[in-house]
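In: whatever this is, show me its structure:
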Amino acid sequence: MGSETRNCRNCKTDFTIAPEDFGFYEKMGVPAPDICHECRSQERTAFRNESVLYKRKCDLSGKDIISIYSQDKPYKVYDQEVWWGDGWDAMDHGRDYDFTRPFFEQFGELMRDVPRLSIVNRQSLNSDYCNYSNSNKNCYLCFGGHENENCGYCWYNWKDKDCFDCLSVIKSELTYGSNYGNGLYKCVFLEYSFDCVESWFGYNLVGCQNCFLSTNLRHKQYYFMNQPYSKEEYQTKIGEFTNGGHAGIEKAKTIFQDLKLKALRNPVYQKNAAHCTGGDIMYSKNIQFGFDGEYSEDSKYAYPKFTNIYNCMDTNKMGYDRSDWSYMAIGCAGLNSSKFCDTCWNNHDLTYCNLCFTSGDLFGCVGLKHKQYCILNKQYSEQEYKKLVPKIVEHMKTTGEWGKWFPAKLSPFAYNETTAQEYTPITATEAKALGYSWKEPEMKNYTPTLKTEDIPETKDAQNSIAKEIIGCAHSGTCKCQCSTAFRITTQELQFYKKMNLPLPRLCPNCRHQGRLAQRNPLKLWMRSCQCAGDASENSAYKNDTGHFHGKDHCPNTFQTSYSPDRKEVVYCEQCYQAEIA
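Out: Take a look at the predicted model:
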């Protein structure tokens, strides 16, 4: 079968289904989609609340808990220990399949009946305010991260220690405000940098030490604004910024933005990635249209964030245990031969399931653990199960449900509580038109006790500042889901003092959105190389290393995550490698 162009049922744009995609759909036993991959991703991410936390009661124990479900949600919500315990059984909510009613209607009723897991935060110590996390110690407001210690306000961090305000930073220590990195030590405001020590305000640094306000350097030391200096000269240069308190850091931020704009860019960031299209991919092979992932092979439309997926399509937030041959899944790990799953770990042969763990051969189930051959949480024999499932599939085909993701009305969260609002932001009116709910900000009973302009320099800050309610500089006027006020913890204060960093002026939500804005969109555009010849005026470095096209304009075209209207200078991979050793 050849490729086929279809018009997206949602956004009305054309999209192409490749011949190999039809083969995948046939193997998975599903029809080809009638909406584009971007709309499919939006539908899935609208089911994941990653970082909006609430205080509420456990509906079984009555205990005060932290949860991703606000008290007004129409669900029973159980504390983690209660939910994972033996004091209740999701099988008690099982029911027969009714062939006179749509499947999604029956599944929605089951979702409302089965108690929900308050938060996903297992085997952690003193890390109550973390979600989609595992084995953390002394962490606060960290999301999608594992095996971290003494960290705060981090997303997708792994094996970090004493790190704050970082996004996709792993195996690092004493690092602040950094975005996409590995092996950092005592680093501040680094982006796309690896194996660096005591470096500040750097973009695309590798193996650097004591570099400040620099870009695209490899294995350098004592560089300031991409120029080498003696140790003494370097310390004098950076002292203007590091000893200047809040004003000095803000000045460095302004200079850094200009430096980044002038830094030469390659089409997409990939490291040890063979035959991959997409950005921020490492140690992978044959990933088509993937973003922010690693250690995966032969998969397509995986974004954002994936780890250890093989032969999968249409996934979001997948990892860390290996998943094989799975389709349309979000927040899953160790998922094999499964489709249409939300937050299911270490399972096989699941279809249309939510919150199921270490199970197999389930259809339309919610909240099951260590079960097999169940439909709508009711137990069947293997023979009964295999006879009934095909009949349900045929019934879903007649209702037009088979092959589609769960409808918007079944999302347990308001659209603006989910990661969909981060990657596909829309208004309340637009969300409601699509069938999603929208949650208006809850009234807070606090009044800021410290204005932004009155925040002291770190050296003058006392431990008592941890008792203050600090007004966010955005005051809720931004589009960052601003919390309008925030606190500084004692642990956080000690970190700022140790690192000689100013106290933040923005709330954690606004700081996180600022980091997200530094990353390129999850899109690709066709562009031409901007290299005009050896050591051309477009070149940021002019190394005279020789380009394959000599003094002529480079003829190469490529896919890139930099849109044509961006101001950065983007080279093809060949010309980029010729400039950046």
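In: show me where this protein has helices.
Out: With DSSP state H, the ranges of helices along the chain come out as 19-28, 37-45, 80-84, 103-113, 231-242, 245-262, 382-399, 420-423, 428-433, 490-499, 508-518, 573-579.
In: summarise which helices and strands the third one is packed against.
Out: Just to be clear, that refers to helix 80-84. Under the contact definition 3 or more CB pairs under 8 Å, 6 or more residues apart in numbering; DSSP states H and E, helix 80-84 sits against strand 116-117, strand 121-122. C-beta: built from backbone N, CA, C; applies to glycine.
In: hmm, 10 Å instead?
Out: strand 64-67, strand 116-117, strand 121-122 (3 or more CB pairs under 10 Å, 6 or more residues apart in numbering; DSSP states H and E).
In: so W158 touches N182, yeah?
Out: Yes. Applying CB atoms under 10 Å, one finds W158 in contact with N182, separated by 9.4 Å.
In: between the two, which contacts overlap?
Out: The contact sets of W158 and N182 overlap at S168, V169, I170, K171, S172 (CB atoms under 10 Å, 6 or more residues apart in numbering).
In: burial count for the second one?
Out: Neighbouring residues of V169 were enumerated by other CB atoms under 10 Å; the total is 29.
In: so it is in contact with V188, correct?
Out: No. The criterion here is CB under 10 Å, and V169 misses it with V188 at 11.7 Å.
In: between these two, which contacts overlap?
Out: With CB under 10 Å, 6+ apart, V169 and V188 have common neighbours T175, Y176, G177, S178.
In: which pair in these spans the largest distance?
Out: With distances taken as CB to CB, the most widely separated pair in those is T175 and G177, at 8.1 Å.
In: domains of this protein?
Out: The chain breaks down into these domains under automatic domain parsing: 4-35, 165-262, 452-518, 524-581.
In: list the buried ones in the first one?
Out: Meaning domain 4-35. C8, F15, I17, D21, F24, Y25, M28, V30, P33, I35 (16 or more other CB atoms under 10 Å).
In: farthest pair within these?
Out: Longest span within these, CB to CB: C8 and M28, 20.4 Å.
In: returning to that earlier point: which one of W158 and N182 is surrounded by more residues?
Out: Per other CB under 10 Å, whichever of W158 and N182 has more neighbours is W158, with 20 against 17.
In: for the closest residue to that one other than its chain neighbours, give the beta-bridge partners.
Out: Spatial nearest neighbour of W158, chain neighbours left out: I170 (4.3 Å); criterion: CB to CB, 6 or more residues apart in numbering. Beta bridges link I170 to W158, N182, judged by DSSP bridges.
In: and of the helices and strands packed on helix 80-84, who's closest to L388?
Out: Set against L388 and scored by CB to CB, the helices and strands packed on helix 80-84 come closest in strand 116-117, at 26.6 Å.
In: could you list every helix and strand that that closest one packs against?
Out: If contacts are counted by 3+ CB pairs under 10 Å, 6+ apart, strand 116-117 sits against strand 77-78, helix 80-84.
In: among those, which gets the worst mean confidence?
Out: Mean pLDDT is lowest for helix 80-84 out of the helices and strands packed on strand 116-117, coming in at a mean of 95.
In: which outside residues touch that helix?
Out: Residues outside helix 80-84 that contact it (CB under 10 Å, 6+ apart): 58-61, 63, 65-67, 77-78, 87-88, 90, 115-122, 124, 128, 355, 357, 367, 369.
In: narrow the residues you listed to those that are buried.
Out: The neighbour-count criterion (16+ other CB under 10 Å) marks 58-60, 65-67, 77-78, 88, 90, 115-121, 124, 355, 357, 367 among the contacts of helix 80-84 as buried.
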